[in-house]
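> The following block contains a protein sequence and its predicted model.
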Amino acid sequence: MTKYTDMTNIQVFNYNGSNVPMTRNENGVVYVNLTEVAKAFPNKNLSKIVNSIEIKEYCKALAEITNVSSADLLIVSKGGDVSKQGTWAHQKVALRVAQKLSPDFAVQVDTWIEELLTKGKVELRPAVPQSYSEALRQLADEVEAKEKAQLLLAEKSEQLDESKEWYSIKRWAKKHRRNWRDYSWRKLKAVSYELGYEVKKIFDSNFDEVNIYHRVVFEAVYGR
């Protein structure tokens, strides 16, 4: 198991009688246990889905744009605590797999992930409030959660506004009308250190967080 995944805070959710373990690591990324997910879909070939060209290409693109290795997107944990064993998928990969299994399941996984990211945990509440006061409390909690999520998005938007001299690979490629695959994060990272620029991270709606490099670094590697 790699250092990027923290298995100390596993939460288990129920989907049609099957357990779905999920955990959020120290970097704020949620991982889903696909080994346990497979038990909820005995008629689906999960291995075939995970090893499909579509999922592999997605993992390759995700690894490239987020500057992580493919090994950190699908992590196999063996030995030790049985509850921590199995194949754990990065939240983005897990959602793509869930979409192949069932639209209903994909929506449920998305909901769990969103709440884990905004609250740090998922609170299982009765579907129907048992009293008027409980209904008011539940409504207040939901409003508070939405307000926190909106504040988080606002803060991340401010980050984007402040990054006029800093670019992600896709943003730089779009500006220069080129394919983002033409750029190498390895080269950009190396030159960043050579020129004394740090490699920053910023919010991204598709990949949660991506690396950004200073404009001077892009120009040094690829020209203006």
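That came through, no problem.

> residues near residue 31, how many?
Using other C-beta atoms under 10 Å, the number of residues around residue 31 comes to 28. Every residue, glycine included, has its C-beta placed from N, CA and C.

> what's the helix or strand for it?
Assessed by DSSP states H and E, residue 31 sits inside strand 30-33.

> Could you give the average pLDDT over that strand?
Strand 30-33 carries an average pLDDT of 90.

> mind checking which helix or strand of the protein has the lowest mean pLDDT?
helix 132-161 (a mean of 65; mean pLDDT, DSSP states H and E).

> Could I get the average pLDDT for the next helix or strand after it?
Next in sequence after helix 132-161, counting helices and strands by DSSP H and E, comes strand 166-167. Across strand 166-167, the average pLDDT comes to 86.

> so after strand 166-167, what's the next helix or strand?
helix 169-175.

> Can you name the residues in contact with that following helix?
65, 167, 179-180, 182-183, 185, 188, 210-213, 218 (C-beta atoms under 8 Å, 6 or more residues apart in numbering).

> Throw the residues you listed into TSV and include secondary structure and distance to residue 31, thanks.
Shown next, in TSV, are the contacts of helix 169-175 (DSSP: H, G, I helix; E, B strand; the rest coil; distance: C-beta to C-beta, whole Å):
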residue	secondary structure	distance to residue 31
65	helix	19
167	strand	29
179	coil	30
180	helix	26
182	helix	31
183	coil	28
185	helix	22
188	helix	27
210	strand	19
211	strand	20
212	strand	24
213	strand	27
218	helix	32
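
> Kindly give a single ChimeraX line that selects the buried subset of those.
Only the buried entries of the contacts of helix 169-175 go into this ChimeraX selection, using 16 or more other C-beta atoms under 10 Å:
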select :65,167,183,185,188,210,211,212,213,218
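
> just curious, which of the contacts of helix 169-175 is nearest to residue 34?
Nearest to residue 34 among these: residue 65, at 21.9 Å, using C-beta to C-beta.

> looking at it, that closest one is touching residue 209, isn't it?
No: the pair residue 65 and residue 209 fails to qualify as a contact (C-beta atoms under 8 Å) at a distance of 10.1 Å.

> okay, now the nearest residue to residue 179 once chain neighbours are set aside: neighbour count?
Leaving aside its chain neighbours, residue 179 sits nearest to residue 173 (6.4 Å; criterion: C-beta to C-beta, 6 or more residues apart in numbering). Residue 173 has 18 neighbouring residues, counting by other C-beta under 10 Å.

> what does residue 92 give?
19.

> Would you agree it is in contact with residue 62?
Yes: using C-beta under 8 Å, residue 92 makes contact with residue 62 at a distance of 5.8 Å.

> backbone phi and psi for residue 72, please?
phi -90, psi 0 (degrees, to the nearest 10).

> can you check residue 28 too?
Torsion angles, degrees, to the nearest 10, at residue 28: phi 80, psi 10.

> Pretty sure it sits against residue 117.
Yes: the pair residue 28 and residue 117 passes the contact test of C-beta under 8 Å, sitting 6.6 Å apart.

> who has more neighbours, the two?
residue 117 (16 against 12).

> Does the more buried one touch residue 30 like I think?
Yes: if you go by C-beta under 8 Å, residue 117 and residue 30 touch, sitting 6.6 Å apart.

> Alright, that wraps it up for me.
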